[in-house]
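# give the three-dimensional model of this entry:
(4 chains)
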Amino acid sequence: MTEAVMVPMEHGLALAAILFSIGLIGVMVRRNIILILMSIEVMLNACGLAFIVAGARWGAADGQIMFMIILTIAAAEVSVGLGLLLQVHRRLRTIDIDSASRLQG
Amino acid sequence: MSGLQLQALLPIITLSSLILIQMMFIAFARNLRLTVSISVIALLLTALSFFPMVDHLPISATPLIQLDGFALFYSGLVLLGALMVTFLSYDYLRDQGERQDEFFMLLLLSCLGALILVSSNHFASFILGLELLGVSLYTMMSYPTRGLFTLEAALKYLILSGVSSAFILFGAALIYAIEGKLGFTELAGMNHTSAASGQFILLMGSTMIFAGIMFKLSLAPFHLWTPDVYDGAPAPVTAFLATVSKGAIFALALRLFTTTGLIDLDPLLRGLSFVAMVSILAGNLLALLQDNVKRILAYSSIAHMGYLAVAFVVAGKAGGQIMAMEAASYFLFAYFLTTLLAFSVVTIMSIADHEVDTTNLGDYEGLFWRRPALAAVFTATLLSLAGIPLTAGFIGKFYIFSIGVAAEAWLLMAFVVIGSGIGIFYYLRIIFAMTKAPRTDVKIEIPTASGWVAVVLTVSLVLFGVYPSPIIDLIGELMISFG
Amino acid sequence: MTESPLWPLVVYFFAVIALVLIILGLSSLVGPRSTMQRATIEPFESGVVGIGSSQIPISVEFYLIAMFFVIFDLETVYIFAWAVAFFELGLFGYLAISVFILILVVALIYEWKSGALDWGVKKRVGLRE
Amino acid sequence: MLVIALIGVLIAGGLIAWLSEGWNRDWPKWVSLVTIFLAAILIVPMFSLQPLVHQPDHSEWLLIYDYPWIPRFGISFLLGLDGLSLLMVALTVFLGLVALISSWDEIDKRPGFFQFNLLWTLAGVVGVFVALDLFLFFFFWEVMLIPMYLLIAIWGHERRAYASMKFFLFTQISGLLMLVSILALVLFAEALTGKLSFNYFDLVDLPLDESLSWWLMLGFFIAFVVKLPGFPFHTWLPDAHTQAPTAASVLLAGILLKTGAYGLIRFTLPLFPGAANDIAHVAMLLGAIGVVYGAIQAFSQDDFKRLVAYSSVSHMGFVLIGIYALQEITLQGSVMQMVAHGISTAALFMIAGALQHRLHTRDMNKMGGLWMDMPRMGAIALFFIVASLGMPGLGNFVGEFLVLMGAFQVDLHIAVFAALGLITAAVYSLIAMQKVFQGTPTQGRSLADFNSREVSTMLLMMIGLTLLGIHPQPVFDMVEPTLRGVFTLTSPAGTWLGVSP
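Model (predicted):
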């Protein structure tokens, strides 16, 4: 394909950055653990997007490979997170992170 | 894939296959003793599997793994830490009810992650190792059925380390976008790209990676999670987190920043020395306010990471690199011994208690009269943390001082001196608490495995504090074949 | 191609953060402070008083199944990637993927044995009552 | 091997004493008694050693051992013994004996661990007095603190937590400053000579840049003056002395303070002669202030131990003046003052400890008329009090006299100012004597007088002081070579006369 129809890389990266920041803010402001996990998912996928964009620029497969790795990581994170969540739910009957924070810093 | 490269992968292969075997044993013949002995065998075999390749270092097996003296040294540390933690957690979990076996499997898994991390030479292996380490680590944290705190600690750590991994990944993506490479060695000398935009994105990327790593090392602006997690997690897991996990990540950070020349980015270096100062100050000052031994240890570990960051800064300065690496390696070695010992004492104290670990300063009052040996060991540990002679910690502190003075980083040195001064205060508080009159005279049982761990660690702590030359020479030899 | 101007990225990045901060700040500033009353927290059912909780407890097994699904469909992702490049990878690739599958099989056996797959009966490892 | 054997004996003795507690609670003190006697036996042959004339570069030394320790940093296990070190080591062991005797019946909890700390403190101090490798010196410098800290923290009196913490913090932080200067010195020396070495002989009097050597010197100076203790940094001392158990006070006052003075003579002056000359006046002024300030403080104390503590601030002020007057007689005088003050203050602390042991108070207003109950103790106390106020014919007098005599030639005002200290000393000492032993005795009080064990120790010290007073020449001859070396380094113009009163 030719230069003309290509989206410049910066725009892709910018999109990824926006997604990333949204995820980050979600992690920071959300109180519900499930939503926090989802925001982390968003952040990780933003990274994946960034990798794919970058890979497209270099026309190399590395980007996609990293994306697969990221998918795996995200899956692992989230499944462990859900497991812990279930435990918390069993013990506290809530998934509000504040009520799950009794340790005083 | 040549035989040599296969040889380089041998430790990883050994460990993972033994993990599978252990898994099968757990599935079909669940028996705690058996599981633990398999873990020990696995760790020992892995350690052995390093020896064949000692003569032909450095080997780069696949672009992902780079085995050199540096990696070898830190792998040794990781295995040591994992072994000690295995013994500790055996005593800790033994009478915690059924089905504790998986814990040891997870321990091996995160040890595998750490091994990958210390020898990784590519962002892919970096991320994989990091996650393998992290995911199994917070599973370990939440594993024992001890109150709620463990769960909260695990959740906090999961969320924060998830975020920091995301940061690292995004940074890596940005760097990849500019450079088109992911291997550390190919990235070497990269920050000479022409375009200003490239420079900017590059700087942003490396800053994000930097931030992520600071998170994991709990350096000062990003240290908030540390005390909660240290306090909440069961003592052996805290020991693992404090030593193996941090050590591996530090090793990787050192390799990453030095080989890719990221360290030469001036803003990064300045940020780093800032981080070092803040961590030293914050760690020591906040520790003063605590009445909880685990939290004190948490803050003191923040301060120690600050001292390590000094080595980092010096590594960035011209010429100082090899010396700084040597210093960092010895300091980390001493830190491993000391921290493991400290947490083994905490573990021994906590075994009797089933709900939460015994970590209040009050519980340690009169230890000198109840269990003189244990108290003496703990005193040695604290003195080593404070960097007093006769202990390995002193030599580590001495190393930091010498590189700092050699690099003429006077401001940093001032912070180190002040920090150490404050540090003495709270370490002595614990020692003094132990010399008070005992509140109870409940007998403290010292289980065999942990007892032996404590003995071995104490002996080496004093030995390498008085006669450090063997380790120094070893490090010197290994560092030669770096990169 | 890299030479295309940089400012869009910068502007986007900071614009996003600024925007979100503004939205949050404004909403917290000018947003209505609802005084807490008995009816405040109830869902609005056009006057009808809601009965029961909207959160029906979902059986834990669903979560587990979801996790297993996530994990195993990732396996297929890898296998797919391998299958695409089957001929390039050749024997070594074949060995690699079979090791990969072997590991997952072992994991599956483990889960089976430790009762992660059986429905209802709570003799599972991970989840203690 | 003598010196190494000496340190080894003390360390081993400490461990044995600790272990022996397990079998019998009375063994530890016997063990450490035996240990100290062995140490004393090891010291005797040292007095007959001849200088190593066959080694030209250190000909004034009696013994030199050099073993590699951490070659990576050019650190070696370098021990050296010369007249000064020998004198100090002998004093250390002697006062160790005194400390042991003074605490003979006092310690009831964990006697083994107590003796362990006692002996290890001695070992650390001996190490400080003989170490010639700067790293090794710092090593011992820190090592001697920990057991002392434990002595105060575990067996101290009511405010021991505060006192021990203060003691440790002061000495530690100043020690860290010294470590930084040591490292800086070594690294700059490497830049000059191209040889990384902590060896004393490689570092003496290097042609360093003026301001640099000034800063490095400051690091050492502060560390040593804190220990001495010099005027602004003395605040740890009264608390530590007062709260410490008798044995620890004896060791603190008797020898730990001397390590500071020793460090000044052995390291600060020879390593940075130029800078030492620059700071000389300030140091002398600090010393004079210390003399007067300590005296005045002592004057206003009710606590007997605290009084003695402040009096030693005052007396060590003379040492500081003497060292920095940089005259041959003042150097001699301060060494003499170190020894004499060590003995007299140790004795006074022993008496204070005995009083507290019998009366369970240190408040002098609660005492009085004790001469009636305890004539022997009274007489002995009188002797040591007049000794410490500088009675002619006793060691302290010789020291202070020489110091002042030299100081007059250097700086009249400071010398006169310091001389005031002598008068105040007389006042507070006699007032203390009066408060404690004269006056009307409280009725119905039966107190055990000094028993033979204590009396014999006291007699030993009295003889020592008297000898120092009437025939000090042997001591002068002993330390003369060392001091001459220092003198020639610091004031190349001056001519060394030697002292013969």
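# part of a helix, is residue D:69?
No: counting by DSSP: H, G, I helix; E, B strand; the rest coil, residue D:69 falls outside a helix, being strand.
# need the nearest residue in space to it, chain neighbours excluded.
residue D:77 (4.4 Å; C-beta to C-beta, 6 or more residues apart in numbering or on different chains). All C-beta atoms are positioned from the backbone trio N, CA, C, and that covers glycine.
# just how off-centre is the stretch of helix or strand that neighbour belongs to within its chain?
Assigned by DSSP states H and E, residue D:77 belongs to strand D:75-81. On the basis of C-alpha atoms, centre = their mean, to the nearest Å, strand D:75-81 sits 21 Å off its chain's mean C-alpha point.
# contacts for that strand?
By C-beta atoms under 8 Å, 6 or more residues apart in numbering or on different chains, the residues outside strand D:75-81 that reach it are D:2-4, D:46, D:49, D:58, D:61-69, D:89, D:130-133, D:135-136, D:197-200.
# mark which of these are buried, thanks.
D:2-3, D:46, D:58, D:61-65, D:69, D:89, D:130-133, D:135-136, D:197-200 (16 or more other C-beta atoms under 10 Å in any protein chain shown).
# any idea how far residue B:465 lies from residue C:18?
Remark: distance between residue B:465 and residue C:18 (C-beta to C-beta, to the nearest Å) = 54 Å.
# neighbour count for those two, which is higher?
residue B:465 (24 against 11; other C-beta atoms under 10 Å in any protein chain shown).
# shouldn't the more buried one be within a strand?
No: assessed with three-state DSSP, residue B:465 is helix; it does not lie in a strand.
# what residues are up against it?
Contacts were defined as C-beta under 8 Å, 6+ apart; by that measure residue B:465 touches B:384, B:389-395.
# residue B:50: which of these is nearest?
Comparing these against residue B:50 with C-beta to C-beta places residue B:392 closest, at 22.8 Å.
# three-state assignment of the nearest residue in space to residue D:393 that is not next to it in sequence?
Spatial nearest neighbour of residue D:393, chain neighbours left out: residue D:469 (4.7 Å); criterion: C-beta to C-beta, 6+ apart. Secondary structure assignment for residue D:469 (three-state DSSP): helix.
# count of neighbours near residue D:469?
20.
# that one contacts residue D:400, correct?
No: with contacts counted by C-beta atoms under 8 Å, residue D:469 stays clear of residue D:400, the gap being 11.5 Å.
# where do the strands sit along chain C?
Remark: no strands are assigned in chain C by DSSP state E.
# longest helix in it, by number of residues?
Ordering each helix of chain C by length in residues (DSSP state H) puts helix C:86-113 first.
# what do you get for chain D?
helix D:160-193.
# so what does that one touch, helix or strand wise?
Applying 3 or more C-beta pairs under 8 Å, 6 or more residues apart in numbering or on different chains; DSSP states H and E, one finds that helix D:160-193 contacts helix B:392-406, helix B:410-435, helix D:134-143, helix D:145-155, helix D:200-203, helix D:210-227, helix D:236-243.
# average pLDDT across the first one?
This means helix B:392-406. If you average the pLDDT over helix B:392-406, you get 88.
# elements contacting it?
Counting contacts by 3+ C-beta pairs under 8 Å, 6+ apart, helix B:392-406 is packed against helix B:293-316, helix B:321-350, helix B:372-386, helix B:410-435, helix B:448-466, helix D:160-193.
# just for the stretch 151-300 of chain B, where's the confidence low?
For the stretch 151-300 of chain B, residues meeting the criterion pLDDT under 70 lie at B:189-197, B:263-264.
# who in chain B is up against chain A?
B:123-124, B:127-128, B:131, B:135, B:138-139, B:142, B:148-149, B:151-156, B:158-159, B:162-163, B:165-166, B:169-170, B:172-174, B:176-177, B:180, B:182, B:197, B:201, B:224, B:227-228, B:231-232 (C-beta under 8 Å from any C-beta of the partner chain).
# in a strand, residue B:16, correct?
No: assessed with three-state DSSP, residue B:16 is helix; it does not lie in a strand.
# number of nearby residues for the residue nearest to it when sequence neighbours are not counted?
Closest residue to residue B:16 apart from its sequence neighbours, by C-beta to C-beta, 6+ apart: residue B:112 at 6.1 Å. Residue B:112 sits with 25 neighbouring residues when counted by other C-beta under 10 Å.
# how close does residue B:112 sit to chain C?
Noted for residue B:112: a distance of 12 Å to chain C, by C-beta to the nearest C-beta, to the nearest Å.
# per-residue confidence for residue D:300?
The model reports residue D:300 with a pLDDT of 85.
# for residue C:16, same thing?
Looking at residue C:16, its pLDDT is 91.
# same check on residue A:96?
58.
# one step back: just put the helices and strands packed on helix B:392-406 in TSV and tack on distance to residue C:98.
Formatted as TSV, the helices and strands packed on helix B:392-406 follow (distance: least, C-beta to C-beta, whole Å):
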stretch	distance to residue C:98
helix B:293-316	43
helix B:321-350	38
helix B:372-386	48
helix B:410-435	53
helix B:448-466	39
helix D:160-193	58
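# show me the shaky parts of chain C.
Applying pLDDT under 70 to chain C flags residues C:1-4, C:34, C:36-45, C:49-60, C:119-129.
# 50 - rerun?
Within chain C, the stretches with pLDDT under 50 are C:1, C:124-129.
# all helices of it, in order?
C:7-30, C:60-84, C:86-113.
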